[in-house]
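> Build me a model:
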Amino acid sequence: MKYEHLYVVIEHDAGKPVPVSLEMLGEARRLMDGYNKKYNTDEKVVAVVLGSNARKLCDELISYGADAVIYAESPELEYTRNIVDTKVISRIAADRNLVLKFSPKSTDFAKPRYMFFAADNIGRQLSSTVMAELDSGLASDINKLVISDLKIMHQHKTKGKEETYERTLEMYRPDFSGFLWTTILCLDNRNPDIAREYYPQACSIIPGVFAPIERDQSRKGVIVDYSPSFDPRDLQVKVIGRKIVKSKVDFDSKKAVVSFGRGIKDAPEQNIRLAAELAKEIDAEVGVSLPISKKPYAVSESASSTYMIPDRVVGTSGRKVIPLLYVAAGISGAMHHLAGMKESEFVIAINPDEEAPIKGECDMFIKGRMEDVIPALLEELRALRPKVEARR
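Numbering: from 1, shown residues only. The predicted structure is shown next:
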């Protein structure tokens, strides 16, 4: 076949794969196990890793689900540079000789069937440039994947004729509202007037959505060395140092999170302040729903730059949190938000709408507007504080 195997582009830091890379490998393993059984074939999960000391990662990647690892090692790959990484990964993806080392029957290989990238600061850019180089499409920020055979009738793609697209990767993501799924497909043009094929079918995957498989050091796989070459013009930009800037939003060390959503709309500035006061009172971090990060309401620069930012988004488009207490104020409960907080130990929802989806996910539902409820909560908490402190 011209198109075979699932390639997973690995990111690593300080000699260890970043969590989303192991998550992608886990999902790739589950998908390809089902795929090979369904289609009676033996296509591989292939990890692709670049770096100045990439070889030492290879055995670990096999233990987390890869059948094969293609690694490129060079001092020029110590730090990520998009133009360099794009060319190396694209060449690896189109190199038949590499594939024959772990899949000798792949004599007609042209490109991978599927390809995964991380939907993070590096992967979002890298995925787009690699897929442009490979002349195929890309689905971004995916949180659900299915491989199936689909019957498609489309004026552009099939010239109005029903066609069966076998082994199609269905790539799902929530739409902006959060209440509907958008399904993205990368389909060949079967219309004879514009016929062409699109491979790999590729996507970037949101961190925290999939679980890695259990590490198994007894797993066997093939490790393939790729010797990269570089265009001197691409090396004119040098990275002389690297410093990790950590997010100022600290969900991990807090036992409580107070999040707010579009329920702030009646008095945005005031309600942001109330949510922040409640968070301070219970030593919680402040989170937001996805729409808030798009800055839909006019507030002061201080409130906007502090709270209406992507780093605070809870959900599949942001962070997954598992605090002991989660307070959702003015959040209706879109599916992508619920996925990011539903494992919290105890959830309190504040919402005037009894039909809000979040009601089904909370342990306590307070019917009311946040501007009415939070001041009452603050009053009670402050009244209780002397008694609590006296017991310490």
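
> Next secondary structure after the biggest strand by length in the chain?
For the chain, the strand with the greatest residue count under DSSP state E is strand 162-174. Past strand 162-174, further along toward the C-terminus, the next helix or strand under DSSP states H and E is strand 181-184.

> quick one: strands adjacent to whichever helix or strand comes after that next one?
Later in the chain than strand 181-184, the nearest helix or strand by DSSP H and E is strand 201-205. For strand 201-205, the paired strands and their directions (DSSP bridges) read strand 111-118 (parallel), strand 139-142 (parallel).

> hmm, who's touching strand 201-205?
Strand 201-205 is contacted from outside by 20, 23-24, 27, 113-119, 123-124, 127, 130-131, 136-143, 145, 168-169, 171, 184-186, using CB atoms under 8 Å, 6 or more residues apart in numbering. Bear in mind the C-beta positions are built from the backbone N, C-alpha and C, glycine included.

> Recalculate using a threshold of 6 Å.
Strand 201-205 is contacted by residues 24, 114-117, 119, 123-124, 127, 131, 138-140, 142, 169, 171, 186 when judged by CB atoms under 6 Å, 6 or more residues apart in numbering.

> Repeat that for stretch 119-136.
For stretch 119-136, the external contacting residues (CB under 6 Å, 6+ apart) are 11, 80, 82, 85-86, 89-90, 117, 138, 141, 198-200, 202, 204-206.

> Centre of the chain to that stretch, how far?
Mean-position distance between stretch 119-136 and its chain equals 14 Å (CA atoms, centre = their mean, to the nearest Å).

> what do you get for stretch 237-254?
18 Å.

> Flag every buried residue along stretch 356-364.
Using 16 or more other CB atoms under 10 Å as the test for burial, stretch 356-364 gives Ala356, Pro357, Ile358, Glu361, Cys362.

> An error on my part: the question was meant for stretch 100-119.
102-103, 106, 109, 111-119.

> Ile350 and Pro375 touch, don't they?
No - in this structure Ile350 lies outside contact range of Pro375 using CB atoms under 6 Å: 11.6 Å.

> The two: which has the busier surroundings?
Ile350 (28 against 13; other CB atoms under 10 Å).

> hang on, that one in a strand?
Yes - using DSSP: H, G, I helix; E, B strand; the rest coil, the assignment for Ile350 is a strand.

> circling back to that earlier point, tabulate the buried residues of stretch 356-364 (JSON lines), appending distance to Lys159, pLDDT and secondary structure.
Putting the buried residues of stretch 356-364 into JSON lines (distance: CB to CB, whole Å; pLDDT from 0 to 100; DSSP: H, G, I helix; E, B strand; the rest coil) gives the following:
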{"residue": "Ala356", "distance to Lys159": "45", "pLDDT": "93", "secondary structure": "coil"}
{"residue": "Pro357", "distance to Lys159": "41", "pLDDT": "93", "secondary structure": "helix"}
{"residue": "Ile358", "distance to Lys159": "45", "pLDDT": "94", "secondary structure": "helix"}
{"residue": "Glu361", "distance to Lys159": "45", "pLDDT": "90", "secondary structure": "helix"}
{"residue": "Cys362", "distance to Lys159": "50", "pLDDT": "94", "secondary structure": "coil"}
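
> if we can go back for a sec, in PyMOL, select just the buried ones from the contacts of strand 201-205.
In PyMOL syntax, the buried subset of the contacts of strand 201-205 is picked out as below (16+ other CB under 10 Å):
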select buried, resi 24+114+115+116+117+119+123+127+131+138+139+140+142+169+171+186
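
> can you map out the helices along this protein?
19-39, 58-63, 82-93, 96-100, 121-133, 268-281, 290-293, 301-307, 335-341, 370-391 (DSSP state H).
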